[in-house]
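Student: need coordinates for the following:
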Amino acid sequence: MDSTSTIANKIEAYLGAKSNDSKIDQSLKADPSEVQYYGSGGDGYYLKNNICKITVNHSDSGKYDPCDRKELSYGDIDEWKCQQNSSDGSEKPENVFVPPRRQHMCIKNLENLKFDKIRDKHAFLADVLLTARNEGERIVQNHPDTNSSNVCVALERSFADIADIIRGTDQWKGTNSNLEKNLKQMFAKIREKDSTLKNNYSKDQNYTKLREDWWTKNRQKVWEVITCGARSNDLLIKRRWRTSGKSNGENKLELCRKCGHYEKEVPTKLDYVPQFLRWLTEWIEDFYREKQNLIDDMERHREECTSEDHKCKEGTSYCSTCKDKCKKYCECVKKWKTEWENQKNKYTELYEQENETSSSSKKKSRYDDYVKDFFKKLNEANYKSLENYIKDDPYSKEYVTKLSFILNSSDTENASEKIQKNNDEVCNPNESGISSVEQAQTSDPSSNKTCNTHSFIGANKKKECKDVKLGINNNDKVLKICVIEDDSLRGVENCCFKDLLGILQENCSDNKSGSSSNGSCDNKNQEACEKNLEKVLASLTNCYKCDKCKSEQSKKNNNIWIWRKSSGKEGGLQKEYANTIGLPPRTQSLCLVVCLDEKGKKTQELKNIRTNSELLKEWIIAAFHEGKNLKPSLEKKKGDNNSKLCKDLKYSFADYGDLIKGTSIWDNEYTKNVELNLQNNFGKLFRKYIKKNIASDENTSYSSLDELRESWWNTNKKYIWTAMKHGAGMNGTMCNADGSVTGSGSSCDDIPTIDLIPQYLRFLQEWVEHFCKQRQEKVKPVIENCKSCKNTSSKTKLGGTCNGECKTECKNKCEAYKTFIEEFRTAAGGTAGSPWSKRWDQIYKMYSKHIEDAKR
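Tutor: Residues are numbered from 1 along each chain as shown. Next up, the predicted model:
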């Protein structure tokens, strides 16, 4: 029997061969830009570089909205449907569990396809792309796990389902029986209109091979379009059956922004995995999500119950709700177990068909033929049980350890204490309703916490408005910008400073300041808390080393400005901002200690963040070291170092804000890993407070993870600013908004507002400051040398002519300045291969676009 790694390689090779279009006839390649569309569709050439602009006007078949304006739910309410599918020619019906996502797919235009009106393969692809475009938007806008890699997985799944629809292997028959008939007639027309295809596929009576090859040849364009609506921070993980690469024990993930929209090759091969297995892993993911939602719901009502009566008394409304929620959970457990058993039986049937003889009397369906090759690979690895398969499938293995009753059904018979061990729950609540799940999942057994946590996230939301000055001059414009702060998201309360001190000192074996976690600290003793905090922050120098976790790019300590987009290991800007602004060297060297694991080794996983305070601790440590690293970089330079240091501290402080909020335009492998880990950790800690429909609960919930992350930053940024100033040795000074530095004031009296300005504009401001400094160095010699030519002296008289050595020197300095403006192209200088004038034109173009967008 082959090892798991060997069979993984075989599966990868199989998927790679299936997705390779190099041997497929070029005649199948379609291009919607080749069509002159009817009516308002216009010239298809418009779509050449704007394929995401495709609309119903680009359909020959009629203006059918693919989504039909129906409710675009994503299954929050809808159920998985079990249909008895016997329309494929098999002798007995087969139970097929169909996900809500597939039930609601935006394919109305394909169901109503008027093949007689569609001119050719190019026009047909336009209708397929229209389906993909609308389906992608539906998923991005309605997926319950917003701002996570699961959005990209959902796009992969719909992309694969479109593939099955095109190839005729889709298992969901729905309510429209015309879809398959329309597609067969469409492919018949495509074959008849092309003599090459007519010859090559003459024996393909059911168009099976033609349809499969057509999909393989055109799938790249479908992927590009289905991801049009994805956001920059929607990260696609290139999931493989084998580890993609290892280096010094480091497990590398391949991440793609905007769900891989800009990739030259389709970053997924999920469309060549059998639909049954795809839907199975989707069921597991949905099962996990629904389970967590029910647990969160029980936990919320348990909190209400205990906060109202301190214990769950019979007859109270709160406790009745507790029991109702628990009852609902119990019913779901039974339903899940039944669904799981049905799918196990289906898997066994498909797996064992490989061992059946050709003389078997059972009639094979088209779908059985399609999956046979894939299951042949599974058979070689002896994936006889579904339990073994899902442990290795890259789309389900992350959930398996969290859903142990799938692997051991006896777990459902155990006591409710299993909840606290992260096993699957059994419905056997004690008299108080249900044990606290949240406490078991987030508490830190190594800490002695004494401060109460907030039961109701969002209950303490408040709007704070700040005056943000665009510049440092007296007449510069001032904007009033309002943000949301939420005391419920605070990583440390004023009364809990000792708790923050305790977690900061954790793992600092050489800390000389001693632990203050057992000391007395309350609101009346805030000054003592501040002093203890300063000691702990100072001690971080001994137990954390920032250079251990820097990206390869930041380790170079270079001074170059990067204008290019990020590519492979070479970092840069996100594609939308490439060649519109420069990435400052300071940002490239930003200290991100958050990448360290508990062993101090580089990893792609954030530390096991168990509490909100631990999340804040990671950023406090990073900010402290950033301040510490910025200070020596300015000590050797002349001028007002404190003023420059304050300015750099503010810029780095704001960069941290963008990373935390998910709005950074800085891009490399490292920042993508940070973003993915932040999505996971914020989602883990606060997911139960995210509600897409918050009309009835707007004071206590957030509509998206992005909204919550922004509020978390606004609430906790004062601690991060304090740590940064401590690291730079600036705690006794004030970094004033006008650029001045004064020698007194509290650490929190000068919290910057520059983080409220978009990062693109901050990079622009920093670049202009860099340019002006260099320009001044070139202008000064021009002024000095040319002015001396006109001064009254022994050589010339005021108002006289400029000649001799004076004239030559003046001309040389003028030429040097002209060359600087028109031809200066160094990366260290800030232009990276283009002159200042061209870079300014690029900046102005992007700036103007932002202005126009704001007017709409």
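Student: tally of neighbours for the residue lying closest to residue 109 once chain neighbours are set aside?
Tutor: With CB to CB, 6 or more residues apart in numbering as the criterion, residue 109 has its nearest non-adjacent residue at 4.1 Å, and that residue is residue 64. In short, each C-beta sits where N, CA and C put it, glycine included. Residue 64 has 19 neighbouring residues, counting by other CB atoms under 10 Å.
Student: next one: the one 3 residues further on
Tutor: Using other CB under 10 Å as the criterion, residue 67 is surrounded by 19 other residues.
Student: residue 809 now?
Tutor: 17.
Student: the helices in the stretch 1-150 of the chain, which residues?
Tutor: Using DSSP state H, counting those that start in this stretch, the helices of the stretch 1-150 of the chain run over residues 4-19, 100-103, 108-111, 121-142, 149-167.
Student: mind putting those in TSV, mean pLDDT included?
Tutor: Listed next are the helices of the stretch 1-150 of the chain as TSV, based on pLDDT from 0 to 100:
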stretch	mean pLDDT
helix 4-19	74
helix 100-103	90
helix 108-111	88
helix 121-142	93
helix 149-167	95
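Student: closest one to residue 399 among the ones you listed?
Tutor: If you check each of the helices of the stretch 1-150 of the chain against residue 399 by CB to CB, helix 149-167 wins as the nearest, at 10.9 Å.
Student: now for the closest one, which elements pack on it?
Tutor: In terms of contacts (3 or more CB pairs under 8 Å, 6 or more residues apart in numbering; DSSP states H and E), helix 149-167 is packed against helix 100-103, helix 121-142, helix 178-192, helix 208-226, strand 236-237, helix 275-309.
Student: contacts only, for residue 198.
Tutor: Going by CB atoms under 8 Å, 6 or more residues apart in numbering, residue 198 touches 191-192.
Student: tell me the spacing between it and residue 116.
Tutor: With the distance defined as CB to CB, to the nearest Å, residue 198 ends up 19 Å from residue 116.
Student: do the same with residue 631
Tutor: 75 Å.
Student: okay, the two: which has more neighbours?
Tutor: Taking neighbours as other CB under 10 Å, residue 631 and residue 116 compare with residue 631 leading, 18 against 10.
Student: quick one, phi/psi of that one?
Tutor: Main-chain dihedrals, residue 631, degrees, to the nearest 10: phi -60, psi -50.
Student: same check on residue 329?
Tutor: Here is the backbone geometry of residue 329 (degrees, to the nearest 10): phi -60, psi -40.
Student: distance of it from residue 727?
Tutor: To residue 727, residue 329 is 47 Å away according to CB to CB.
Student: and the contacts of stretch 838-848?
Tutor: 563, 577, 579-582, 760, 764, 767, 830-831, 834.
Student: next, count neighbours for residue 324.
Tutor: By the other CB under 10 Å criterion, the neighbourhood of residue 324 contains 12 residues.
Student: so it sits in a helix?
Tutor: Yes. Membership of residue 324 in a helix is supported by DSSP: H, G, I helix; E, B strand; the rest coil.
Student: from residue 333, how far out is it?
Tutor: Residue 324 is 15 Å from residue 333, by CB to CB.
Student: ok, residue 132 next?
Tutor: As for residue 132, its distance to residue 333 is 37 Å (criterion: CB to CB).
Student: compare those two (neighbour count), which wins?
Tutor: Set residue 132 next to residue 333 and count neighbours by other CB under 10 Å: residue 132 wins out with 26 against 17.
Student: what residues are up against the more buried one?
Tutor: Residues near residue 132 by CB under 8 Å, 6+ apart: 158-159, 162, 222, 225-226.
Student: ok, and the closest non-adjacent residue to residue 383?
Tutor: residue 389 (4.6 Å).
Student: from residue 187, how far out is that neighbour?
Tutor: Counting by CB to CB, the gap from residue 389 to residue 187 is 33 Å.
Student: who has more neighbours out of those two?
Tutor: Under the criterion of other CB under 10 Å, the comparison of residue 389 against residue 187 puts residue 187 first, with 24 against 19.
Student: please name the nearest non-neighbouring residue to that one.
Tutor: residue 207 (4.3 Å).
Student: pretty sure that neighbour contacts residue 189?
Tutor: No. Look at residue 207 against residue 189 with CB atoms under 8 Å: they stay out of range, at 10.4 Å.
Student: between these two, which has more neighbouring residues?
Tutor: Counting neighbours by other CB under 10 Å for residue 207 and for residue 189 shows that residue 207 has the greater number, 20 against 17.
Student: which ones are touching that one?
Tutor: When contacts are counted by CB under 8 Å, 6+ apart, residue 207 touches 168, 184, 187-188, 191, 201.
Student: gap between it and residue 177?
Tutor: The value you get for residue 207 to residue 177, if CB to CB is used, is 18 Å.
Student: now do residue 769
Tutor: Distance, residue 769 to residue 177, using CB to CB: 67 Å.
Student: of the two, which one has the most company?
Tutor: With neighbours defined as other CB under 10 Å, residue 769 and residue 177 compare such that residue 769 has more, 13 against 10.
Student: is residue 25 in contact with residue 195, as I believe?
Tutor: No. Residue 25 is beyond contact range of residue 195, at 11.7 Å (criterion: CB under 8 Å).
Student: looking at these two now, which is surrounded by more residues?
Tutor: residue 25 (17 against 10).
Student: can you report phi and psi for the more buried one?
Tutor: phi -60, psi 130.
Student: count of residues packed around residue 757?
Tutor: Using other CB under 10 Å, the number of residues around residue 757 comes to 18.
Student: tell me the SS of the residue nearest to it when sequence neighbours are not counted?
Tutor: With sequence-adjacent residues excluded and distances taken as CB to CB, 6+ apart, residue 757 is closest to residue 468, at 6.5 Å. With three-state DSSP as the basis, residue 468 sits in strand.
Student: for residue 287, grab the count of nearby residues.
Tutor: 20.
Student: surely it touches residue 403?
Tutor: Yes. The pair residue 287 / residue 403 is scored as a contact, 6.7 Å apart, by CB under 8 Å.
Student: now the strands for the stretch 551-700 of the chain?
Tutor: 572-573, 666-667 (DSSP state E, counting those that start in this stretch).
Student: if we can go back for a sec, which one of residue 329 and residue 727 is surrounded by more residues?
Tutor: Each of residue 329 and residue 727 has its neighbours counted (other CB under 10 Å); residue 727 has more, 28 against 20.
Student: any idea how far the residue nearest to the more buried one when sequence neighbours are not counted is from residue 590?
Tutor: Spatial nearest neighbour of residue 727, excluding adjacent residues (CB to CB, 6+ apart): residue 627 at 3.0 Å. Distance of residue 627 to residue 590, computed by CB to CB: 12 Å.
Student: any common contacting residues for the two?
Tutor: Contact with both residue 627 and residue 590 is made by residues residue 652, according to CB under 8 Å, 6+ apart.
Student: what are the contacting residues of stretch 816-836?
Tutor: Residues outside stretch 816-836 that contact it (CB under 8 Å, 6+ apart): 558-564, 582, 767, 770-771, 774-775, 778-779, 781-782, 837-839, 842.
Student: quick check: residue 165 touching residue 107?
Tutor: Yes. Between residue 165 and residue 107 there is a contact at 6.8 Å, judged by CB under 8 Å.
Student: what sits in contact with each of these two?
Tutor: Shared contacts of residue 165 and residue 107 (CB under 8 Å, 6+ apart): residue 179.
Student: more neighbours, those two?
Tutor: Each of residue 165 and residue 107 has its neighbours counted (other CB under 10 Å); residue 107 has more, 29 against 23.
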